[in-house]
Every structure is written in C-alpha cells, then in structure tokens.
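Fold the following and give me the result.
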Amino acid sequence: MSKLFVSEHPLIHAKMAMLRNKETGTKEFREIIGEVASLLFYEATRDLPVTDIAVQTPIAATICKTIDTKLAVVPILRAGLGMVDAMVDLIPSAKIGHIGLYRDPVTHEPVEYYCKLPFDIEERYIIVCDPMLATGGSAAAGIQFLKDRGCTNIRLMCLIGAPEGIAEVQKQHPDVDIYIGTVDEKLNDHGYIIPGLGDAGDRLFGTK
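Sure, this is the predicted structure:
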C-alpha cells in the first residue's frame, strides 16, 4: 500500500482556513494555493536523491549536497495549474507536463482531452498535482497515463482529499505515495468534498 502523508503543520492549517473561506477573493486564493503547494512540495521532495559537489565559499572550499535526479511536475488541468509556479520556483530545472481531464457531470468519470509531457518523462521523478482529491478518478487516470508511457517514479500531491478519493488512488496505484494538506469528511451526492472549499478551478480563475 502506498504511503499517505497528511500534513499537521500549523502554517498549512492556517492557510487552509483562508482557502475554505467563501469570502477569499480570486487573487488571494491563487496566492495561498501556491503557498500551500510550496509547503507540501517540501515534504514530497524530502527524500530526493542527492550527490556531493565541491563549492568554493568566500572563506574556504567545502563539499555540499545537490539534487541528483530529473524532476517533472505534472498538473491535472485546470486547477492543478495553480500549484505549479510555487513548485518550479523551488526547483527551476523541473520540466512541466500537462494532463487535461474533466469529470463527467453525470457519471463522475474522468474524460481525457489533453496530454503533453516532456520527451524523457519516463526517466523523471514525477509529482502529479491537483488541489482536490475527490472521487480519485481523475488522479488515478492521470497516473495511469504516465504509467502507460513508461513512468515508474510517481507521487501525487493534493491540498484537500476525501477518504473515498484516497482509497481509490491507493486501490488503483498502491505504488504511488500521496502527499496531502488535509483529509475532509466525505463526498456529497454530487461528488464534491465536504466541507471542502468549492470548485478550486473556478475560484482560481474567477469562473463559474
């Protein structure tokens, strides 16, 4: 079974409260999404492989650590885009792929409409990002697209998840670790997370 990391950090809890608040405007919502993504990205990359390099400081020569792997950030469109910039700010060498999925309003099943990935995606350490892990269908489908292209080192990073979504991803992809800001109570009859924060994409981009 995959590892599930649920943050208990006070900073993430405080920022989640702001994200949940229906009075939080688009600009502030977008900024906070990035801040939480940055904090979670820190945890999701904690065990990246490193190697020693020689560095000359103003005082003396020393040996330092540097990241020794190729990274790719793959947001699930469209809401996952709100998490990307903060992550790439921390590791600018990361490549960015995109997987376009939407949830059928009747069946709640994911439907693919776009997929564009780095040419060497199968060689990369991959973090799939999507703010909301609701039914788990979109995340599981996105991960499967990557596996179908030969990818083996994949992690999923979300801000909020429902138990149903977490269970679905772990069922379909027991080898993919999940990093998440908080786990909410359940899904409602429309497949939305309760209490959640509404539609993350609409709140990010000011649409309905």
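
contacting residues for the residue lying closest to residue 153 once chain neighbours are set aside?
Sequence neighbours aside, residue 125 is the residue nearest to residue 153 in space, at 4.9 Å (criterion: CB to CB, 6 or more residues apart in numbering). Glycine gets a C-beta too; all of them are placed from N, C-alpha and C. Neighbouring residues of residue 125 by CB atoms under 8 Å, 6 or more residues apart in numbering: 48, 69-72, 153, 155.

what do you get if the cut-off is 7 Å, keeping everything else the same?
48, 69-71, 153 (CB atoms under 7 Å, 6 or more residues apart in numbering).

ok, now how distant is the closest residue to residue 71 other than its chain neighbours from residue 117?
Spatially, and ignoring its direct neighbours in sequence, residue 71 is nearest to residue 94 (4.2 Å; CB to CB, 6+ apart). Residue 94 is 13 Å from residue 117, where distance means CB to CB, to the nearest Å.

For the chain, give me the ranges with low pLDDT.
108 (pLDDT under 70).

how about the helices in it?
10-20, 26-44, 81-90, 137-148, 163-172, 200-205 (DSSP state H).

neighbouring contacts of the shortest one?
Outside of helix 200-205, the residues within contact range by CB under 7 Å, 6+ apart are 26, 29-30, 33, 78-79, 82, 131-132, 208.

If any of those are buried, give me the PyMOL selection for them.
To isolate the buried subset of these in PyMOL, counting by 16 or more other CB atoms under 10 Å, use the following:
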select buried, resi 29+30+33+78+79+82+131+132
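
residues in contact with residue 74?
Residue 74 touches 97, 99, 126, 128, 146, counting by CB under 7 Å, 6+ apart.

So which of these is the closest to residue 56?
Minimum distance to residue 56 across the contacts of residue 74 is 33.9 Å, recorded for residue 126 (CB to CB).

Residue 4 versus that closest one, what's the distance?
For residue 126, the distance to residue 4 - CB to CB - is 18 Å.
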